[in-house]
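[1] Sharing a model prediction with you, sequence too.
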Protein chains: 2
Amino acid sequence: MPSSTASAGSARRSGTKGVARADREEQIVEVAGQVFAERGFALASVSEIAERAGISKPLIYNYFGSKEGLLVACLRRGGQVLAEEMERTAALGEVGIARALVTLDGVFRVLEPQPWIWRLLNDPTLARTSEVAAIIDVYQDRVAALARDGVGELMHLAGDDDPVDIDAMTHVWSNVFDSLVTWWVDHPDETPASMTARSSRLFAAVFGADRVGLRGR
Amino acid sequence: MPSSTASAGSARRSGTKGVARADREEQIVEVAGQVFAERGFALASVSEIAERAGISKPLIYNYFGSKEGLLVACLRRGGQVLAEEMERTAALGEVGIARALVTLDGVFRVLEPQPWIWRLLNDPTLARTSEVAAIIDVYQDRVAALARDGVGELMHLAGDDDPVDIDAMTHVWSNVFDSLVTWWVDHPDETPASMTARSSRLFAAVFGADRVGLRGR
DNA sequence: GGGTGATATGACTTCGGGGTAAGTTACCAC
DNA sequence: GTGGTAACTTACCCCGAAGTCATATCACCC
């Protein structure tokens, strides 16, 4: 008869499975992140998340309060690891193309175990309520700042200081960054290292090899 | 009492408003395109479209059969005008950056009265059923071909003929094209001509002014 | 002026998704 | 053992959105 910690042989209707809340929450966030990224937040269903996690829907509501609460948990985890990594690469002190490259490299490495983070942070179906927006802004401001710096320098060198040109270029450049990450997310065989090398070759083809070298090389 | 063609003073429950089917269909497609682009197809509601068009929901179903049928009608109209325009600019025989510029210019001009077309054709919430996919592919293949040509040339000049590099670069370049269009869609004050000029300056800043000139200049 | 077909609509059904109430099982402290 | 609590589930409510049916009004033709 069922008495030890392991699950019993036959169907039990309810009752604990011996998983602590913190562990369960982490597992749910992991599954939810994947589902949100696959379908888009608005089109994802909590039922599917529960099913894929092997638990029931009310447990999710018990732990996270609402679908948006679950989203916030995913976003917080994802946003934090990304922000920390960008902080780290920013401290390396690279500039220009090299700065973009080390940032990309860091992002690739951080995203490798959880590629859903990037899709989720760029999910177009997100309703930007205040709490959600606050978390997203942390990382998006960072990407935008990175873009603005590099773009400002590039445009100034080209003799174009029109602020609207710079704004448009920043938008384009942010999308280039995003394109490289999404291409990589769609090609899981690629390692972070090989993807960074690939990005470097692409930059070299556009800007010329002489403008892409890392500092100190 | 109501007998002439114009609407009567007080509430009429049903009956014709004197709008021919073809005209009504065109009006519905126009409104639907805007709503689909705003919310994304999957998140848009037929009721809202009906409301904004000042008609009732069953009329839409009577004319288009289903929500997807309405989408197909929007896509067909949008895809056709874009494909025709790209056909036209392709016949101009420009190459390299200049080809991208005349294509962008054509797209800006065509999109000016209906900017929703671009968003709709790139809607990430679209369920790609066979009929929908067929229409989208017509235009997406065209953009991809445009990208592949230009990218192939650029990469070859840079001495990089790795096919995977070219594939990644094509993806990035398609996104650059898309970025310029979406930036413009978000800045409605900009005329097509000024946006083309702006794009030209941005290309010049990246590639160098000497590589951007149009043929015959 | 009366039938016919096109243009329209109110009221309905169905279904899936978010969210909840109430109960069930297992473990732990005493 | 027994009471409390943490970990769970079944069965339900509510709402909004897709899609349908029966009906109403109008224009036109004779």
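    Right, received. Where do you want to start?
[2] can you list the weak-confidence ranges in chain A?
    Along chain A, the model assigns pLDDT under 70 to residues A:1-11, A:213-217.
[3] need the residues of it near chain B, please.
    By CB under 8 Å from any CB of the partner chain, the residues of chain A that approach chain B are A:40, A:42-43, A:124-125, A:154-155, A:157-158, A:160, A:162, A:164-165, A:168-169, A:171-172, A:175-176, A:178-180, A:182-183, A:198, A:201-202, A:204-207, A:209. Any C-beta I mention is one placed from the backbone N, CA and C, and that applies to glycine too.
[4] Filter the residues you listed down to the buried ones.
    Buried members of these, counted by 16 or more other CB atoms under 10 Å in any protein chain shown: A:40, A:42-43, A:125, A:154-155, A:158, A:160, A:165, A:168-169, A:171-172, A:175-176, A:178-180, A:182-183, A:198, A:201-202, A:204-207.
[5] Pretty sure B:Phe203 is one of the things A:Ala158 touches, is it not?
    No: using CB atoms under 8 Å, A:Ala158 is not in contact with B:Phe203; the gap is 10.2 Å.
[6] Going by neighbour count, which residues in the helix or strand that contains A:Val132 are buried?
    Remark: A:Val132 resides in helix A:130-157, with elements defined by DSSP states H and E. Within helix A:130-157, the residues that count as buried by 16+ other CB under 10 Å are A:132, A:135-136, A:138-139, A:142-144, A:146-148, A:150-151, A:154-155.
[7] Take the buried ones among the residues of chain A next to chain B and keep only those in helices.
    A:154-155, A:165, A:168-169, A:171-172, A:175-176, A:178-180, A:182-183, A:198, A:201-202, A:204-207 (DSSP state H).
[8] Residue of chain A closest to DNA strand C, please.
    Across chain A, no residue is closer to DNA strand C than A:Gly15, which sits at 2.6 Å (CB to the nearest atom of the strand).
[9] In three-state terms, label that residue for me.
    coil (DSSP: H, G, I helix; E, B strand; the rest coil).
[10] gap between the closest residue to A:Val164 other than its chain neighbours and A:Pro58?
    Computed as CB to CB, 6 or more residues apart in numbering or on different chains, the closest residue to A:Val164 that is not its neighbour in sequence is B:Arg198, at 7.3 Å. Taking CB to CB, to the nearest Å as the measure, B:Arg198 and A:Pro58 are separated by 54 Å.
[11] Also A:Ala127?
    23 Å.
[12] Same question for A:Ala205.
    For A:Ala205, the distance to A:Pro58 - CB to CB - is 54 Å.
[13] residues from chain A in reach of DNA strand D?
    A:13-21, A:24, A:54-59, A:62 (CB under 7 Å from any atom of the strand).
[14] Please flag which of those residues sit within helices.
    Those of those lying in helices (DSSP H): A:Arg21, A:Arg24, A:Lys57, A:Pro58, A:Leu59, A:Asn62.
[15] Buried only: go through these for me.
    A:Arg24, A:Leu59.
[16] and the ones in helices among the residues of chain A next to DNA strand D as CSV, adding distance to A:Glu84?
    Below are these laid out as CSV (distance: CB to CB, whole Å):
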residue, distance to A:Glu84
A:Arg21, 25
A:Arg24, 25
A:Lys57, 32
A:Pro58, 34
A:Leu59, 30
A:Asn62, 30
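[17] Just flag the most distant two among the ones in helices among the residues of chain A next to DNA strand D.
    A:Arg21 and A:Lys57 (16.5 Å; CB to CB).
[18] State the helix or strand in which A:Leu71 lies.
    Using DSSP H and E, A:Leu71 falls in helix A:67-90.
[19] So which elements touch that helix?
    Helix A:67-90 makes packing contacts with helix A:21-39, helix A:46-53, helix A:57-64, helix A:96-111, helix A:116-121, helix A:130-157 when contacts are defined by 3 or more CB pairs under 8 Å, 6 or more residues apart in numbering or on different chains; DSSP states H and E.
[20] Indicate which one of those is closest to B:Arg76.
    That would be helix A:21-39 among the helices and strands packed on helix A:67-90, by CB to CB, at 26.4 Å.
[21] Report all helices and strands that the closest one contacts.
    When contacts are defined as 3+ CB pairs under 8 Å, 6+ apart, helix A:21-39 sits against helix A:46-53, helix A:57-64, helix A:67-90, helix A:116-121.
[22] So which of the ones you listed is the most surrounded?
    helix A:116-121 (a mean of 22; mean count of other CB atoms under 10 Å in any protein chain shown).
[23] Need the contact partners of that one.
    A:33-34, A:36-38, A:41, A:74-75, A:77-79, A:81-82, A:107, A:110-111, A:136, A:139-140, A:181-182, A:185 (CB atoms under 8 Å, 6 or more residues apart in numbering or on different chains).
[24] again, 10 Å this time
    Residues outside helix A:116-121 that contact it (CB atoms under 10 Å, 6 or more residues apart in numbering or on different chains): A:30-38, A:40-41, A:71, A:74-75, A:77-82, A:107, A:110-111, A:114, A:126, A:135-136, A:138-140, A:143, A:178, A:181-182, A:184-185, B:124.
[25] Equivalent analysis for stretch A:73-81, please.
    A:25-26, A:28-37, A:41, A:63-65, A:68, A:72, A:110-111, A:113-114, A:116-121, A:123, A:126, A:131-132, A:134-140, A:142.
[26] swap the cut-off to 6 Å and go again
    Residues from elsewhere that reach stretch A:73-81, judged by CB atoms under 6 Å, 6 or more residues apart in numbering or on different chains: A:Val29, A:Ala32, A:Gly33, A:Phe64, A:Val110, A:Ile117, A:Leu120, A:Ile135, A:Val138, A:Tyr139.
[27] What separation do you get for A:Leu43 and A:Ala37?
    For A:Leu43, the distance to A:Ala37 - CB to CB - is 11 Å.
[28] again, but for A:Asp165
    The spacing between A:Asp165 and A:Ala37, counted by CB to CB, is 34 Å.
[29] swap in A:Trp118?
    A:Trp118 is 8 Å from A:Ala37, by CB to CB.
[30] for A:Leu75, same thing?
    A:Leu75 is 12 Å from A:Ala37, by CB to CB.
[31] before we move on, what about A:Met86?
    Counting by CB to CB, the gap from A:Met86 to A:Ala37 is 20 Å.
[32] what's the answer for A:Leu121, then?
    Where A:Ala37 is concerned, A:Leu121 sits at a distance of 9 Å (CB to CB).
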